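Asker: Return a 3D structure for these sequence lines:
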Amino acid sequence: MKKVSIITVNFNQPTVTEELLFSIEKTNNYTKIEIIVVDNASKINPIPEWSLKYANIKFIRSEVNLGFAGGNNLGIKEATGDYLFLVNNDTEFTTGLIQKLVNVLDANNNAGMISPMIKYYSDKQLIQYAGYTAMSYYTGRNNCIGLRQKDEGQFNHITGPTAYCHGAAMMIRKEAVDKAGLMSENFFLYYEEVDWCEHIIRAGYEAWICTDALIYHKESVSVGKKSRLKEYFMNRNRILFIRRNASFFKMLIFYVYFLLLVVPRNLINYIKAKNYNFIPMLFKAVWWNLTHSKNSNNLGYPINTIA
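Answerer: Numbers count the residues shown, from 1 in each chain. Below is the predicted model:
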């Protein structure tokens with residue numbers, strides 16, 4: 001039996017994280033696991049209290065907010081499992097989730113990582129993820145299969161390759177991480193798992209989906225559905241992803257597309273919605289990519305201001 005390391009990152013959401021831990025305890029029937037919780041510089045350190053409450057869980061505290069990638073990387077470095085199951089702290093497990101994903105990885109050596117079907121916690125009949133289409137390097141866009149569709153069985157019993165796994169829940173072979181490396185921490189938030197998928201695929205593996213496995217997602221609990229932070233990193237990292245993964249020719253086409261079509265469209269949408277404070281975030285995101293290398297660790301955002 002393979003050992004599974006469950007890794008999650010907490011940031012100022014102790015109650016949400018405890019709800020995840022409760023759902024794991026309530027639903028899990030896979031015995032060979034370890035649970036690692038990384039606290040990403042929360043204002044109030046929950047680990048002293050958690051250490052007393054959860055004796056069998058490994059807790060790691062970072063005194064600096066390292067973002068999604070950095071927080072998970074801390075957990076990965078401490079993990080001892082054959083498979084690493086990275087899950088957002090705002091998810092809820094279902095019965096048999098781990099076993100179903102392990103079964104697929106055990107039976108398919110070419111599968112380097114796998115995600116379950118993801119549904120919205122707020123409406124458990126509404127699908128968030130049933131796979132991804134491939135990324136267009138010309139536009140920096142792809143599609144999430146099944147997004148906001150009512151589950152009527154249209155994605156039942158699908159197990160096989162997909163373009164990318166979903167960052168809210170993905171199980172990865174430790175050997176694939178050893179070959180491809182850790183997640184790039186200069187993304188901080190958004191696109192880092194897609195970039196990581198690209199590198200794992202280039203290391204000789206495939207990304208898979210198993211819709212018989214299910215997890216629920218509360219979505220954007222830490223960041224908020226709309227925020228200056230999210231707007232900045234979504235635009236900045238969309239450009240950064242293309243810079244890191246596309247050919248020079250495709251990158252040039254993308255820049256023309258983004259500057260002549262995406263920027264004007266976004267500005268119009270911000271003005272219509274009266275989100276005027278998003279406008280400088282868009283220009284800041286573009287400017288960062290014009291003035292920093294694709295491997296720069298300067299995030300261009302005052303992370304210490306994140307609530």
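Asker: How is the protein divided into domains?
Answerer: As assigned by automatic domain parsing, the chain contains the domains 4-217, 228-305.
Asker: Can you say which of these is packed in most?
Answerer: Between those, domain 4-217 has the highest mean count of neighbours, a mean of 19, where neighbours are mean count of other Cβ atoms under 10 Å. Glycine gets a C-beta too; all of them are placed from N, C-alpha and C.
Asker: Following the chain past the longest strand anywhere in the chain, name the next helix or strand.
Answerer: Taking DSSP state E as the assignment, the strand of the chain that covers the most residues is strand 206-217. Tracing the chain C-terminally past strand 206-217 and defining elements by DSSP states H and E, one meets helix 228-245 next.
Asker: Just the residues contacting that following helix, thanks.
Answerer: Contacting residues not belonging to helix 228-245 are listed as 135, 137, 140, 184, 186-192, 194-195, 198, 220, 223-224, 250-251, 254, 258, 266, 275, 277-278, 281-282, 284-286, 288-289, 294, 300-301, 306 [Cβ atoms under 8 Å, 6 or more residues apart in numbering].
Asker: again, but for stretch 36-44
Answerer: In this structure, residues lying in contact with stretch 36-44 by Cβ under 8 Å, 6+ apart are 5-14, 17, 21, 45-47, 50, 57-67, 70-72, 74-75, 78-79, 89.
Asker: before we move on, the earlier item: and the longest strand of the chain, what other elements does it pack with?
Answerer: Based on contacts counted as 3 or more Cβ pairs under 8 Å, 6 or more residues apart in numbering; DSSP states H and E, the elements that strand 206-217 packs against are strand 91-93, helix 97-107, strand 111-120, strand 159-162, helix 192-202.
Asker: which stretch among these comes nearest Lys32?
Answerer: With Cβ to Cβ as the criterion, Lys32 lies closest to helix 97-107 of the helices and strands packed on strand 206-217, at 9.2 Å.
Asker: For the closest one, output the C-alpha coordinates as CSV.
Answerer: Once side chains and other backbone atoms are set aside, the C-alpha atoms of helix 97-107 remain, and they are given as CSV (Å, rounded to 0.1, in the frame of the first residue of the first chain):
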residue,chain,number,x,y,z
LEU,A,97,-11.7,9.9,-2.4
ILE,A,98,-8.1,8.9,-1.6
GLN,A,99,-8.5,5.3,-2.4
LYS,A,100,-10.0,6.0,-5.8
LEU,A,101,-7.1,8.3,-6.8
VAL,A,102,-4.5,5.9,-5.5
ASN,A,103,-6.0,3.0,-7.5
VAL,A,104,-5.7,5.0,-10.7
LEU,A,105,-2.1,6.0,-10.0
ASP,A,106,-1.2,2.4,-9.0
ALA,A,107,-2.6,1.1,-12.2
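Asker: What residues does Tyr138 make contact with?
Answerer: Applying Cβ under 8 Å, 6+ apart, we find Tyr138 in contact with Lys250, Ile253, Phe254, Tyr257.
Asker: Out of those residues, which sit inside helices?
Answerer: Applying DSSP state H to the contacts of Tyr138, the entries found in helices are Lys250, Ile253, Phe254, Tyr257.
Asker: Could you find the closest non-adjacent residue to the first one?
Answerer: Put plainly, it is Lys250. Counting by Cβ to Cβ, 6 or more residues apart in numbering, Lys250 lies nearest to Tyr137, which is 4.1 Å off, once chain neighbours are set aside.
Asker: cool, the last one as well?
Answerer: On the basis of Cβ to Cβ, 6+ apart, the spatially nearest residue to Tyr257 that is not a chain neighbour turns out to be Thr139, at 5.7 Å.
Asker: cool, the second one as well?
Answerer: Ranked by Cβ to Cβ, 6+ apart and with sequence neighbours excluded, the top spatial neighbour of Ile253 is Tyr138, at 4.9 Å.
Asker: Could you look up the SS state of Phe15?
Answerer: To be clear, residue 15 is Thr; Phe isn't right here. helix (DSSP: H, G, I helix; E, B strand; the rest coil).
Asker: With that, I have no additional questions.
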